[in-house]
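> sequence and predicted structure, then a few things I'm wondering about:
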Amino acid sequence: MIQPALPLHNVVDTSGWLEYMTNGPLSNLFAPAVENTHLLIVPTVSVLEVFRWVLRERGESDALRATAMMQQGVVVDLDAALALKAAKLGNALKLPLADSVIYATAREFNAVLWTQDAHFAGLPGVEYHPKYQPPKGAT
């Protein structure tokens with residue numbers, strides 16, 4: 001008897017979280033990953049980045065609400081083993097530090113990484129949606 005495939009977990013990059021939380025033009029593309037909290041893996045560095053951005057743009061109360069939403073998934077701490085994997089991936093793929101942690105976390109959990117960041121485009125296990133660019137001349 002063939003066993004059905006287990007559902008994949010999801011990791012949402014900071015760009016995806018912010019698109020979803022600000023109800024951006026592509027927020028609906030990130031909704032399945034964000035809203036299926038039983039499959040959601042959240043790297044602590046994503047919590048940091050989202051909190052920092054929302055704190056700067058909208059204040060502490062909104063930042064706390066945003067990170068409370070994120071914590072409905074399974075929050076994964078950055079331990080030494082994951083840090084080393086992130087360093088190797090970041091070095092090999094030329095990823096910024098936080099993005100290397102996010103990608104390493106996705107790989108560690110065999111999760112799909114949902115993002116709008118172009119440097120992830122084409123990498124295995126990535127669901128890449130380019131940022132919306134309004135047509136030239138649109139206001």
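Great, that's in hand. Predicted model only: the values in this text are computed from it and were never measured.
> please count neighbours and contacts with C-alpha atoms only from this point.
Noted.
> so where is the protein shaky, pLDDT-wise?
1-7, 137-139 (pLDDT under 70).
> just the strands from it, written as ranges.
In the chain, the strands defined using DSSP state E lie at 10-12, 40-43, 74-76, 112-115, 126-128.
> any chance of these in a markdown table, plus distance to residue 18 and mean neighbour count?
A markdown table is the format used below for the strands of the chain (distance: least, C-alpha to C-alpha, whole Å; neighbours: other C-alpha atoms under 10 Å):
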| stretch | distance to residue 18 | mean neighbour count |
| --- | --- | --- |
| strand 10-12 | 10 | 29 |
| strand 40-43 | 14 | 26 |
| strand 74-76 | 17 | 16 |
| strand 112-115 | 10 | 25 |
| strand 126-128 | 15 | 20 |
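> for residue 102, find the nearest of those strands.
strand 40-43 (6.1 Å; C-alpha to C-alpha).
> dump that closest one to CSV, keeping only the CA atoms.
Provided in CSV are the C-alpha atoms of strand 40-43 (Å, rounded to 0.1, in the frame of the first residue of the first chain):
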residue,chain,number,x,y,z
LEU,A,40,4.2,26.8,10.0
ILE,A,41,7.8,26.9,11.1
VAL,A,42,9.0,30.4,12.3
PRO,A,43,12.7,31.1,12.7
